[in-house]
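J.: One predicted model, sequence on top.
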Amino acid sequence: MTALIIVLLIVFGIVLLLLEFLVIPGITVAAVGGILMIVGGIYMSYHHYGNLVGHLTVLSAVILSGISLVLALKSQTWNKIMLNTEVDSKVQKLDDENITIGDEGICVSRLAPMGQVKLDNKIVEARSTGAYVDEKTKVVVVGIVDKIVIVKPI
């Protein structure tokens with residue numbers, strides 16, 4: 001029964017360490033618990049079975065940890081649960097030169113500090129001068145930088 005407890009402590013400790021390395025960022029309870037479980041299993045093997053079995057337990061725990069880490073990093077299982085989307089959208093740049101400084105419009109979305117503004121019946125991306133501007137607020141164009149409209153509330 002003691003041997004089963006030792007094996008389970010070491011295996012669950014390794015599983016917690018793998019979760020820490022691959023899933024949970026930072027040093028958390030999983031890492032501390034995993035280390036304590038492995039150390040506890042090794043201590044129990046020394047205490048109940050002597051030095052020879054204790055040394056073999058340390059060696060097997062190190063080898064099992066290395067093998068499981070290599071297999072977890074090499075296997076394709078992480079590709080199945082990993083997020084593989086790419087962001088391919090871009091900020092809509094101003095195409096027409098019809099918008100000039102002094103034009104007035106209305107916010108279609110909240111500018112925080114970027115959002116959408118309706119100018120001359122066209123919806124364009126705009127940036128506020130720094131302050132957040134709520135939706136349906138009247139704005140005036142104060143500049144165009146790199147084809148992005150800069151507005152401020154009226």
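T.: Sure thing, it's come through. Residues are numbered from 1 along each chain as shown.
J.: Return the distance of the residue lying closest to V58 once chain neighbours are set aside relative to A112.
T.: Spatial nearest neighbour of V58, excluding adjacent residues (CB to CB, 6 or more residues apart in numbering): I42 at 5.6 Å. All C-beta spots, glycine's among them, are computed from the backbone N, C-alpha and C. Here the criterion is CB to CB, to the nearest Å. By it, I42 lies 54 Å from A112.
J.: Tell me which of the two has more neighbours.
T.: Ranked by neighbour count (other CB atoms under 10 Å), I42 and A112 place I42 first, with 20 against 12.
J.: Assign a three-state SS to the more buried one, would you?
T.: helix (DSSP: H, G, I helix; E, B strand; the rest coil).
J.: For the residue nearest to V58, which residues are in contact?
T.: Applying CB atoms under 8 Å, 6 or more residues apart in numbering to I42 gives the contacts I10, G54, T57, V58, A61.
J.: hmm, which two among the residues you listed are most spread apart?
T.: I10 and G54 (12.3 Å; CB to CB).
J.: how deep is N51 tucked in, by neighbour count?
T.: 9.
J.: Phi and psi next, for it.
T.: phi -70, psi -40 (degrees, to the nearest 10).
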